[in-house]
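**Student:** For reference, the sequence and a predicted model appear below.
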Amino acid sequence: MTRLLLFAFLLMAIFARAQNAPLPVLCGNDAFDYILRHKYPDLHQAFQASFEENLKRAPAVANRSPLTIRVVVHVVWKNPEENLADSIILSQIAVLNEDYNRENADTANLRPVFQPVAGNPQIKFELAEIVRVKTTGTFKLNLSTGDLMSNLKSGNQGGSDPWDPSAYLNLWICKIQPLSLGGIPLGQILGFAFPPNNLSHWPADSGAPTANQDGVALDFRVVGRNNPNTVEIPGGTGNLVVRGRTATHEIGHYLGLRHIWGDGGLLGLPNDCDQSDGIDDTPFANAQSAFDCDTSRNTCSQVEPFYGMDVPDLVENYMDYASESCMNMFTRGQVNMLQSVLAGPRSGLVQGSSGIAQAAPEAQPKLYPNPTRESVRLYIPADWPAITAIDIAGADGRIQTLPLPRATGGGQIDLDTRNWPAGWYAVRVQTANGVWTERLLVMR
C-alpha cells in the first residue's frame, strides 16, 4: 500500500509541472511528515498527541530572563565550498539570537494588523563547538525507505557523531541532495529537523528513529547572511535571498512549531482553509508562500476567530515559505509553544537546567566524557544528600545497579564501557529529594 501511495504522489508531482521546470524548494519536514503518516502511522499520532499536550500547558511568557541553548555545529563537507568558514557560522548564530529575541532590524516591517500579536521567545543560542568532518558520503531523505539522513549523524557512516542531544542542539551542515523517488527528482530540501521527543506518554526515543539522529540539518547554501553559495528560486526567476532564516525556521520545528499554513498541499495533504498549525493567532492559509513577499496574499477569505475579522496571510512569519527578506516574527501563541517545549521535553537543552525532580544542591552530578567509547566517570558532589540508589538502564530495558560511593553522598564511580553495546543509556541517581537523570551515549 505504501508503495502505491508513493507512486500516486509521484505521478501527481510529475503532472503538476512541466518536465523542464526547476525543482521546487522544500523544508524537509514535509517529507518527514509524509514518511510518518504512510510508514509509521502510530508515531505520527504520537507526534500529534504531543503537540496538543504542549499546547494545553503552554505557559504565559513575560518579564523573564532569556533561556540559553548550547549549539554544536557539525560541518560535514566533501567539496571545499561546503566547508563553511567560521565567519559564516558565527553569522548564523547571530541571526538566531536576533530572531529569537526580536532584535532583528526588520521587525519594523511587520504590518500594523499583526503588531499586537508579535511575540519575543527570549531564547539565546550559545556556540559550544564547531566540529568539521571531511566525508565521501552523500546525504538525502529517502521517501521509499524512510531513511532520514541517518548517515549524516554517524561518524562510522561518513557523518559526525552528535554531542549529547538531551543537553545540546546539534546542527549539522552538509550538501543535501534533492528529494527524489525512483530516480526522479521531486524538490530541493533546504533543511530538516525532528520535533520534540521523549514526552512521558511517548514510547522511548520516538521523536527520532534513533536518539542520536535528533537535531537540525541544513544545506550548506542557506547558512548565515554572508554565504557566497546560491540556491535557485523555483521558476527560474533568480536566486533565493539567504539571510539565515532557514535555521530560524527549522529550529522552530525542532522546538515544536508547525508550518503556519497547517502543512497542506505538499506530499499528500490537500490545500484548503481547514488545515491548521494549532496556534490560534496564526491566520489560516490554504497553502505556503512561494518564497516571495506578497503582502496582498489572502488565501482564506473568512473571519478569523482570534482576530474577529478577515486578515491576510501572515507572510512575515518565520514558519511560512516566504522570502527570507520578509520573515521577521513569531506570534505570541508560537512563543508560548516554544517555551512549553523548553519547559518540557527539551528542558535539558536550557543551560543550567537539571534533571533533578525536586530542589537540590547547586552542585550537580557530572557524567563525562559523554559521548564515550571506552569509559565514563560518574562524579557525585560531596554536598549532595544521601544517595539511595544508582542504576543504568539500557535501551533493551535491562537495569544495572551500581555500588554507592558512600551512604552520605559524594565520590566517583569509573565504568568500563568497552563491552557495552553502542546506544543510549539512562543514568539515574536517587536521593531522598528526588532523582537526577542523564542520558549517556556509548559509541563504537
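**Tutor:** Cool, got the structure. Numbering: from 1, shown residues only.
**Student:** Could you use CA atoms for every contact and neighbour count after this?
**Tutor:** Fine.
**Student:** Check which helix or strand the nearest residue to Asn212 once chain neighbours are set aside maps to.
**Tutor:** Leaving aside its sequence neighbours, Asn212 sits nearest to Pro162 (Cα to Cα, 6 or more residues apart in numbering; 6.2 Å). Per DSSP states H and E: Pro162 is located in neither a helix nor a strand.
**Student:** Same question for the one 10 residues further on.
**Tutor:** Trp172 belongs to strand 169-174 when assigned by DSSP H and E.
**Student:** who does the helix or strand that that strand is followed by pair up with?
**Tutor:** Next along the chain after strand 169-174, taking DSSP H and E as the criterion, comes strand 179-181. According to DSSP bridges, strand 179-181 has the following sheet partners: strand 184-193 (antiparallel).
**Student:** can you give me the mean pLDDT across the partner strand?
**Tutor:** Averaged across strand 184-193, the pLDDT comes to 82.
**Student:** Just the CA coordinates for it, please, in CSV.
**Tutor:** Only the C-alpha atoms of strand 184-193 are listed here, as CSV (Å, rounded to 0.1, in the frame of the first residue of the first chain):
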residue,chain,number,x,y,z
ILE,A,184,13.1,11.1,-10.5
PRO,A,185,13.8,14.4,-8.6
LEU,A,186,10.9,16.0,-6.7
GLY,A,187,12.5,19.0,-5.0
GLN,A,188,15.5,20.5,-3.2
ILE,A,189,15.5,20.2,0.6
LEU,A,190,16.9,23.3,2.4
GLY,A,191,16.7,21.9,5.9
PHE,A,192,15.2,19.3,8.2
ALA,A,193,14.6,19.0,12.0
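**Student:** Helices of the stretch 251-400 of the chain, residue ranges please.
**Tutor:** Using DSSP state H, counting those that start in this stretch, the helices of the stretch 251-400 of the chain run over 332-343.
**Student:** Give the burial count for the residue nearest to Asn212, as a bare number.
**Tutor:** A count of neighbours around Pro162, defined by other Cα atoms under 10 Å, yields 26.
**Student:** wait, it sits on Asn170?
**Tutor:** Yes - using Cα atoms under 8 Å, Pro162 is in contact with Asn170, at 6.3 Å.
**Student:** so where's the stretch 151-300 of the chain shaky on pLDDT?
**Tutor:** 185, 197-210, 233-237, 263-271 (pLDDT under 70).
**Student:** now with 50?
**Tutor:** Low-confidence segments of the stretch 151-300 of the chain, defined by pLDDT under 50: 198-206, 267.
**Student:** What pLDDT is listed against Arg332?
**Tutor:** Note for Arg332: predicted pLDDT of 94.
**Student:** what does Asn63 give?
**Tutor:** Reported pLDDT for Asn63: 47.
**Student:** Equivalent analysis for Ser50, please.
**Tutor:** With respect to pLDDT, Ser50 scores 58.
**Student:** quick one, what contacts Leu338?
**Tutor:** Contacts for Leu338 were tallied using Cα atoms under 8 Å, 6 or more residues apart in numbering; they are Pro121, Gly252, Leu255, Gly256, Leu257.
**Student:** Now the second one: closest residue in space, sequence neighbours ignored.
**Tutor:** So the one you mean is Gly252. Take Gly252 and drop its neighbours on the chain: the residue closest to it by Cα to Cα, 6+ apart is Met319, 7.2 Å away.
**Student:** For the one you found, what are phi and psi?
**Tutor:** Phi and psi for Met319, reported as degrees, to the nearest 10, are phi -100, psi 10.
**Student:** Start the count at 8 instead of 1 going forward.
**Tutor:** Yes, from this point I'll number from 8; that puts the last item at Met326.
**Student:** what's near enough to touch it?
**Tutor:** Counted by Cα under 8 Å, 6+ apart, Met326 has contacts His256, Gly259, Leu264, Arg265, His266, Ile267.
**Student:** top of those residues by neighbour count?
**Tutor:** Each of the contacts of Met326 was scored for neighbours by other Cα under 10 Å, and Ile267 scores highest at 29 neighbours.
**Student:** Check the contact between that one and Asp287; I expect there is one.
**Tutor:** No - with contact defined as Cα under 8 Å, Ile267 and Asp287 do not form a contacting pair (10.6 Å).
**Student:** so what's the residue nearest the centre of the chain closest to, chain neighbours aside?
**Tutor:** By Cα atoms, centre = their mean, the chain has its centre lying nearest to Tyr261, at 2.3 Å. The shortest distance from Tyr261 to any non-neighbouring residue, by Cα to Cα, 6+ apart, is to Pro202 (4.4 Å).
**Student:** give me the number of residues near the one you found?
**Tutor:** 26.
**Student:** Surely it and Glu257 touch.
**Tutor:** No - between Pro202 and Glu257 no contact is recorded; they are 9.4 Å apart, counting by Cα under 8 Å.
**Student:** coming back round to it: so who does the residue nearest to the centre of the chain touch?
**Tutor:** Going by Cα under 8 Å, 6+ apart, the list of residues near Tyr261 reads Ala200, Phe201, Pro202, Pro203, Gly222, Val223.
**Student:** Show me those residues that map onto helices.
**Tutor:** Applying DSSP state H to the contacts of Tyr261, no entry is found in helices.
**Student:** Ser98 in helix, strand or coil?
**Tutor:** At Ser98 the chain is in helix, as set by DSSP: H, G, I helix; E, B strand; the rest coil.
**Student:** For it, give me its contacts.
**Tutor:** Ser98 makes contact with Gly231, Arg232, Asn233, Gly251 under the criterion Cα under 8 Å, 6+ apart.
**Student:** Please produce a ChimeraX select command covering the buried subset of those.
**Tutor:** To isolate in ChimeraX the members of those that are buried, counting by 16 or more other Cα atoms under 10 Å, one can use:
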select :231,232,233,251
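**Student:** Many thanks, I have nothing further to ask.
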